[in-house]
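Undergrad: quick one: sequence plus predicted model below, questions after.
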Amino acid sequence: MLDRRIQELESGSLARIRSARSPDDLEAIRVELFGRRDGAFTLIGKEMGRLKPDERRRIGLLLNAAKRNLEEALDLKKRQFADAELSARLDAEWIDLTLPAPGPRRGHLHPMTQIQRELEELFVSLGFTVLDGPEVETEYHNFDALNIPATHPARDAQDTFWLENGLLLRTHTSPVQVRGMEKLGPPLRMIAPGRAFRNETVDASHEHTFYQLEGMMVDRDVSVAHLLYFMRTLLAAIFKREVEVRLRPGYFPFVEPGFELDIRCVICGGTGCAVCKQNGWVELLPCGLVHPNVLSMSGIDPEQWNGFAFGLGLTRLAMMRHAIDDIRLLQGNDLRFLEQF
Ligand code: DAH
């Protein structure tokens, strides 16, 4: 009787194990067979108590063999499920390690740096040297050597950041002219891009820190015609076309004659807009012929040599070029703004 039951249990269970569809199915079968309280094997084990000793040993051997077979079948099936799951996961997670990496995100130069580098290249191609000067300057280089009288308002603490040690933050890049003349002597062609600082209330068109590009050429018989030629060349290079210019008289103690060079507004073409404040022209390039006092203070004989100088408002130029209407945008590092250039 028990022989039959054990045989049927074994063959029936083997078939079920082989056709199980999931690890959960398997677990259910395992509990049905070997569950401690009412698993089939437990029940049969209990019934064996009533058998005679010989019979009990014989059935016990049968039962153990069936149990071992079923346990092996369960193990095997369980491993098959695990293998299948692993290979499905490997298929899903497959990556090609030989693909090139995406690499870091590429940025670009700040619009001020771009314009500065373009102008440096242009002037170098015209035979000019690019000079650098200190941002913390002496009163002599920033004012005296540029023929700026002691009474000039720029010397006032209202306009200039004075340091406690008597030095100051340069208010323009013009002191680099002086350093260039002192260091290199005539003939001289130099530019000096850099930051300048003024004790200024900040608004859409004023910053306490801004960029200028100073230029100077000292040679024999330099005239306003030379000055105009270089200024036109400079503007055409930046705006990639001819730009209409006009000269107005302007007073700067270090040049004589001195000019304000205006350009026809490149935003509106001269009809009037917010950038040119409705007047069609934009003041961009103060310049002039170097004052004889300035030459002689730096050890150059004004009877032998003369020259021109200019102080380009680099920040203003970048604003014109990109039609930027608030200077503060260029000073900040807001990527939403910078990524447009
Ligand atoms: N340094 C002057 C300023 O910042 C600008 C300037 C005017 C520079 C005339 C020059 C020049 O070289 O010739 O306002």
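TA: Arrived safely. Numbers count the residues shown, from 1 in each chain.
Undergrad: where do the helices of the protein begin and end?
TA: Taking DSSP state H as the criterion, the chain contains helices spanning 2-18, 23-34, 40-47, 53-92, 111-125, 139-142, 175-184, 224-239, 292-297, 314-322, 327-331, 335-338.
Undergrad: got the buried residues for the fourth one?
TA: Applying a neighbour-count criterion of 16 or more other Cβ atoms under 10 Å, one finds Ile59, Leu62, Leu63, Ala66, Lys67, Leu70, Ala73, Leu74, Lys77, Lys78, Phe81 buried in helix 53-92. Where you see a C-beta, it was placed from the backbone N, CA and C, and this is true even at glycine.
Undergrad: likewise the second one?
TA: Buried positions in helix 23-34, judged by neighbour count with 16+ other Cβ under 10 Å: Leu26, Ile29, Arg30, Leu33.
Undergrad: hmm, back to that, could the helices of the chain go into JSON lines alongside distance to the ligand and mean pLDDT?
TA: Written out in JSON lines, the entries for the helices of the chain read as follows (distance: least, Cβ to the nearest ligand atom, whole Å; pLDDT from 0 to 100):
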{"stretch": "helix 2-18", "distance to the ligand": "93", "mean pLDDT": "90"}
{"stretch": "helix 23-34", "distance to the ligand": "82", "mean pLDDT": "92"}
{"stretch": "helix 40-47", "distance to the ligand": "101", "mean pLDDT": "88"}
{"stretch": "helix 53-92", "distance to the ligand": "66", "mean pLDDT": "91"}
{"stretch": "helix 111-125", "distance to the ligand": "14", "mean pLDDT": "95"}
{"stretch": "helix 139-142", "distance to the ligand": "10", "mean pLDDT": "96"}
{"stretch": "helix 175-184", "distance to the ligand": "6", "mean pLDDT": "98"}
{"stretch": "helix 224-239", "distance to the ligand": "9", "mean pLDDT": "92"}
{"stretch": "helix 292-297", "distance to the ligand": "9", "mean pLDDT": "98"}
{"stretch": "helix 314-322", "distance to the ligand": "11", "mean pLDDT": "87"}
{"stretch": "helix 327-331", "distance to the ligand": "15", "mean pLDDT": "85"}
{"stretch": "helix 335-338", "distance to the ligand": "26", "mean pLDDT": "91"}
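Undergrad: quick one: which of the buried residues of helix 23-34 is nearest to Arg198?
TA: Checking the buried residues of helix 23-34 against Arg198 with Cβ to Cβ, the nearest one is Leu26 at 83.1 Å.
Undergrad: from Leu70, how far out is that closest one?
TA: Distance, Leu26 to Leu70, using Cβ to Cβ, to the nearest Å: 11 Å.
Undergrad: and for the two, which residues touch both?
TA: Taking Cβ atoms under 8 Å, 6 or more residues apart in numbering as the contact definition, Leu26 and Leu70 share the neighbouring residues Ile17.
Undergrad: quick check, His141 in contact with Arg179.
TA: Yes - the pair His141 and Arg179 qualifies as a contact (Cβ atoms under 8 Å) at a distance of 6.5 Å.
Undergrad: out of those two, which sits in the busier spot?
TA: The neighbour count for His141 versus Arg179, taken as other Cβ atoms under 10 Å, is higher for His141 (22 against 19).
Undergrad: quick revisit: joint contacts of His141 and Arg179?
TA: Where contact means Cβ under 8 Å, 6+ apart, the residues bridging His141 and Arg179 through contact with each are Gly133.
Undergrad: report the contact partners of the closest residue to the ligand within the stretch 1-150 of the chain.
TA: Here the residue of the stretch 1-150 of the chain nearest the ligand is Leu146; by Cβ to the nearest ligand atom that distance is 7.8 Å. The neighbours of Leu146, taking Cβ under 8 Å, 6+ apart as the test, are Ser174, Pro175, Gln177, Val178, Pro253, Phe254, Val294.
Undergrad: quick check: the gap between it and Ala154.
TA: Note on Leu146: its distance to Ala154, by Cβ to Cβ, is 10 Å.
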